[in-house]
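> Please work out how this folds:
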Amino acid sequence: MPKQNTAFICSNCGCGSAKWLGRCPSCGMYNTLEETESLAGAVNNRPQTRGAAGGAPQKLGEIPAGRDERIPTGISELDNVLSGGAVRGSLILVGGDPGIGKSTLLLQISRNACRAGRAVLYISGEESAGQIRMRAARLGVDTDGLLVLAENDMETVEAAIADTRPDMAVVDSIQTVYNPSLSSTPGSVAQIRECAAALMKLAKSKNVTVWIVGHVTKEGALAGPRVLEHMVDTVLYFEGEKRESYRIIRAVKNRFGATNEIAIFEMHGDGLREIANPSEYMLSGRPIRVPGSVVSCGMEGTRPILAEVQALCCFTSFGIPRRVVNGLDYNRTVMLIAVLEKRAGLKLGTYDVYVNIAGGLKIDEPYLDAAAVLAIASSYKNRPIDPYTAALGEVGLTGELRAAANADKRVGEAAKQGFKTCLLPRVNLKGIREYGDMNIVGVRNVAELLNSGLAEKATGGE
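A predicted model of the protein is given here:
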């Protein structure tokens, strides 16, 4: 029997140490080293395997090109995020908060694959086979082609995949699967790393598309070592509040396609339903002719999505006013407030300012600056913006409006949703084509932006 020894593994990056340290020497995080027992030499003594070409270097031009064969998920929005579907032999990680819909989505994907005549093996380390059957009945999974295995022993999982040779396998979740050759508990850094490596080897050697579920920590990062994200081919993140009906799936890594594409779903009793028109969905219920509400357009990958930027300015009797921001970058929003004070003469030093993107969207790009500035000024002056007006553009420290990337796509999305006016930087007018009777107004600075946007009469207040 090999000798057992104790090591300390960083839960953030997977770096090992012979003794406990308060700070990880690799990633610099504090209090992340966890004690674990491992078999001495278990890794180093493994038999070394060579590649299909015998390990000899090859000229790039002589290597046969691999086939980019994809398995459609049966959900068009998700296929768009995956750039056409899941690639055969790939390892896909789906992360998100508990209860947000990861298992529901994968069971729906399994149902669609079975209906298309493909063999699917669903492996669950969290639920029994009976519980999976109950959830499948609720989701309308009526196919007998779906194989279910309630197991968390990695050796049994490997044997099941090798025996059944499915086209697609689902492992729910990676934190519950364990390798019996390691003495550490399931969910530890060593277990997650070893099990993920075994699944990657299975996916490549058996040409099986493997989906694995990963839980997230309180900080919103995937539980386990960060190296897990580097090992897999694709990383999909679930976003959204469990109390809300919508869910957002974002591709933050994709070796076989574009990244930062998103898919928006709505949770129902029978599972997740895709939303084909996210802009219309996000603007539903928008207040009309209310101060502090402006619509802009953000880009998620190659898709333009309209978003409502809301602002609320309230007088405060305290010495330090509050600045609360949701959905936009906090420091950038504070900078925009300073620009309004300096360049537009708004006395916001005695006002609490709250800025929010309705619907819980998070858009990290500067081209929503114009909408944020207009919404703050609208709330401060208590003057509404025309509900059929959209604004976009980056605001500089001198108050100028700088060019917005993909302006033509953004304006086109606004025109498609029925907006009649679009305020954008004047330098963008050259590349914008006409969209029916839509009035496209070019502005050079914050002063012109406010003069064009705050054209309606005051509704009371200041």
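> From here on, just use CA atoms for contacts and neighbour counts.
Fine.
> Name the SS class of Val324, please.
Assigned by DSSP: H, G, I helix; E, B strand; the rest coil, the conformation of Val324 is strand.
> residue contacts, the residue nearest to it when sequence neighbours are not counted?
Using Cα to Cα, 6 or more residues apart in numbering and skipping the chain neighbours, the partner closest in space to Val324 is Tyr354 (4.8 Å). Counting by Cα atoms under 8 Å, 6 or more residues apart in numbering, Tyr354 touches 311-313, 322-325.
> Just the buried ones from those residues?
311-313, 322-323, 325 (16 or more other Cα atoms under 10 Å).
> Provide the strand pairings for the helix or strand in which the residue nearest to Val324 is found, with the direction of each partner.
For Tyr354, the element it lies in under DSSP states H and E is strand 351-357. According to DSSP bridges, strand 351-357 has the following sheet partners: strand 303-315 (antiparallel), strand 323-326 (parallel).
> Gly285 is nearest to which of those?
strand 303-315 (10.6 Å; Cα to Cα).
> Tell me how many other residues crowd Gly399.
19 (other Cα atoms under 10 Å).
> what do you get for Asn428?
Number of residues near Asn428 (other Cα under 10 Å) recorded here: 18.
> Where do the helices of the stretch 151-300 of the chain begin and end?
Assigned by DSSP state H, counting those that start in this stretch, the stretch 151-300 of the chain shows helices spanning 154-164, 189-206, 227-231, 278-283.
> So which of the ones you listed is the most surrounded?
Most buried of the helices of the stretch 151-300 of the chain by mean neighbour count (mean count of other Cα atoms under 10 Å) is helix 189-206; its value is a mean of 20.
> Show residues contacting that helix.
The set of residues external to helix 189-206 that reach it, using Cα under 8 Å, 6+ apart, is 9-11, 14, 36, 89-91, 154, 158, 162, 165, 174-175, 177-179, 182, 184-186, 208-210, 224-225, 227-228, 231-232.
> Next: stretch 307-324.
With Cα under 8 Å, 6+ apart, stretch 307-324 has contacts from 279, 282-283, 286, 292-298, 330, 334, 349-358, 361, 371-372, 375-376, 379-380.
> circling back: any idea which of the buried ones among the contacts of Tyr354 is closest to Ile385?
Ranked by distance to Ile385 (Cα to Cα), the buried ones among the contacts of Tyr354 are led by Ala311 at 12.0 Å.
> which residues does that closest one bridge with?
Listed beta-bridge partners, Ala311: Val355 (assigned using DSSP bridges).
> Double-check Ala391 against Leu306; I have them as touching.
No. If you go by Cα atoms under 8 Å, Ala391 and Leu306 don't touch, sitting 10.5 Å apart.
> Give me the common contacts of those two.
When contacts are counted by Cα under 8 Å, 6+ apart, Ala391 and Leu306 have 295-297 as shared neighbours.
> most surrounded residue in these?
Looking at those with neighbours defined as other Cα under 10 Å, the largest count falls to Val295 at 29 neighbours.
> Excluding chain neighbours, give the residue nearest to that residue in space.
Closest to Val295 by Cα to Cα, 6+ apart is Glu308, at 4.4 Å.
> per-residue confidence at Gly13?
To be clear, residue 13 is Cys; Gly isn't right here. Cys13 carries a pLDDT score of 71 in this model.
> before we move on, the earlier item: quick one: the strand holding Tyr354 to chain centroid distance?
Distance of strand 351-357 from the chain centroid (Cα atoms, centre = their mean, to the nearest Å) equals 25 Å.
> same thing with stretch 162-175?
So, by Cα atoms, centre = their mean, the centroid of stretch 162-175 is 24 Å from its chain's centroid.
> least trustworthy helix or strand in the chain by mean pLDDT?
strand 33-39 (a mean of 68; mean pLDDT, DSSP states H and E).
> Tell me which helix or strand comes right after it.
strand 70-71.
> Contacts for that next one next, please.
84-88, 113.
> can you give me the strands in the stretch 301-450 of the chain?
Applying DSSP state E, counting those that start in this stretch to the stretch 301-450 of the chain gives strands spanning 303-315, 323-326, 351-357, 389-391, 394-395, 401-402, 421-425, 439-443.
> Please spell out which residues along the fourth one are buried.
When burial is assessed from 16+ other Cα under 10 Å, strand 389-391 yields the following buried residues: 389-391.
> And the contacts of that strand?
Here strand 389-391 makes contact (Cα under 8 Å, 6+ apart) with 294-297, 368, 370-371, 414, 419-424, 453.
> try the fifth one
Contacts of strand 394-395 with the rest of the structure, by Cα under 8 Å, 6+ apart, involve 336, 366-370, 401-404, 445-446.
> Poorly predicted segments of the stretch 201-350 of the chain, please.
Residues of the stretch 201-350 of the chain that meet the criterion pLDDT under 70 lie in 217-227, 241-243.
> What residues are recorded as beta-bridge partners of the most centrally placed residue in the chain?
Note on the chain: the residue nearest the mean C-alpha position is Arg250, at 3.1 Å, using Cα atoms, centre = their mean. Beta-bridge partners for Arg250, by DSSP bridges, are Tyr237, Ile262.
> A strand includes Cys13, no?
No. If the criterion is three-state DSSP, then Cys13 is coil and not within a strand.
> I'd say it and Met29 touch.
No. Counting by Cα under 8 Å, Cys13 stays clear of Met29, with 9.1 Å between them.
> Next, the residues that contact stretch 122-133 from outside, please.
110, 146-152, 157, 169-173, 176-177.
> One more pass at 6 Å, please.
Outside stretch 122-133, the residues that touch it by Cα atoms under 6 Å, 6 or more residues apart in numbering are 148-152, 169-172, 176.
> Pull out the buried members of the residues you listed.
Taking 16+ other Cα under 10 Å as the criterion, what is buried in those is 148-152, 169-172, 176.
> From the contacts of strand 70-71, which shows the smallest pLDDT?
Scoring the contacts of strand 70-71 by pLDDT puts Gly84 last, at 90.
> Okay, and it sits in which element?
Residue-wise, Gly84 maps onto no helix or strand under DSSP H and E.
> so who does it touch?
Here Gly84 is in contact with no residue (Cα under 6 Å, 6+ apart).
> so how far is Thr421 from it?
35 Å (Cα to Cα, to the nearest Å).
> what about Asn112, is that helix, strand or coil?
From three-state DSSP, the assignment for Asn112 is helix.
> Can you give me the neighbour number for it?
Using other Cα under 10 Å: Asn112 sits among 19 other residues.
> looking at it, it is touching Gly74, isn't it?
Yes. Counting by Cα atoms under 6 Å, Asn112 does reach Gly74; the two are 5.4 Å apart.
> Same drill for Cys13 and Met29, tell me which one is more crowded.
Using other Cα under 10 Å, the more surrounded residue of Cys13 and Met29 is Cys13, with 20 against 15.
> any idea how far Ala196 is from that one?
Cys13 is 15 Å from Ala196, by Cα to Cα.
> likewise Ile385?
52 Å.
> Using a markdown table, lay out the buried ones among the contacts of Tyr354 together with distance to Gly130.
Below are the buried ones among the contacts of Tyr354 laid out as a markdown table (distance: Cα to Cα, whole Å):
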| residue | distance to Gly130 |
| --- | --- |
| Ala311 | 49 |
| Leu312 | 51 |
| Cys313 | 54 |
| Arg322 | 52 |
| Arg323 | 50 |
| Val325 | 45 |
